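A.B. asks: based on what follows, work out the 3D shape:
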Amino acid sequence: MAFKRGISRDIHNILGSWDPSLATPLGWFHVTCDAAGRVIRLDLSNEGLVGTIAPELAELDELQFLELKGNFLVGHIPPVLGNLLNLVSLDLSHNFLSGPIPLGFDNFIRGKLKFLRLEVNSLTGPISWNLGFVPL
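C.D. replies: Numbering: from 1, shown residues only. Have a look, this model is predicted:
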């Protein structure tokens, strides 16, 4: 729900099915859960969402796919996303994100990340040397 609060405009009402009164997010559009009701995939690519990326996404410790490509997301990438060690794919490309690639992404060395897409943003600064050891 923190992610939804960070979205200032949802043109297609994609997040309208996100009901906080439900015990688990089963049935929410663009959210996939495992058998235990834990979120393992969040795919909101190309949905015209305007807003920021909530750092609380890092609390989804079973998350394997975070796909936010092609929206109008602004601000910095939350460094705590680097704590998502079960991530296989992180796609934040084609947005309006700014600032550096977080040093917290060095944590992906210990994780399962295979795909990291950050292109077509306004990111600045160096790329951490340690990201070269992530088996992308």
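
A.B. asks: for W18, list the residues it contacts.
C.D. replies: 1, 4, 25, 28-29, 31 (Cβ atoms under 8 Å, 6 or more residues apart in numbering). For the C-beta atoms, the positions are set from N, CA and C on the backbone; glycine is no exception.

A.B. asks: in these, find the pair that's most separated.
C.D. replies: The span of these, defined through Cβ to Cβ, is set by M1 and F29 at 14.2 Å.

A.B. asks: so those two - more neighbours on which side?
C.D. replies: Shown here are M1 and F29; by other Cβ atoms under 10 Å, F29 has more neighbours (15 against 12).

A.B. asks: so where's the protein shaky on pLDDT?
C.D. replies: For the chain, the stretches flagged by pLDDT under 70 are 132-136.

A.B. asks: strands of that one, start to end?
C.D. replies: Along the chain, the segments classed as strands by DSSP state E run 7-10, 31-33, 39-43, 49-51, 65-67, 72-75, 89-91, 96-100, 115-117, 122-124.

A.B. asks: for the fifth one, which helices and strands make contact with it?
C.D. replies: To tie it back to what came earlier, the one meant is strand 65-67. Under the contact definition 3 or more Cβ pairs under 8 Å, 6 or more residues apart in numbering; DSSP states H and E, strand 65-67 sits against strand 39-43, strand 89-91.

A.B. asks: ok, and what's touching that strand?
C.D. replies: Residues contacting strand 65-67 (Cβ under 8 Å, 6+ apart): 32, 40-45, 57, 81, 84, 87-92.
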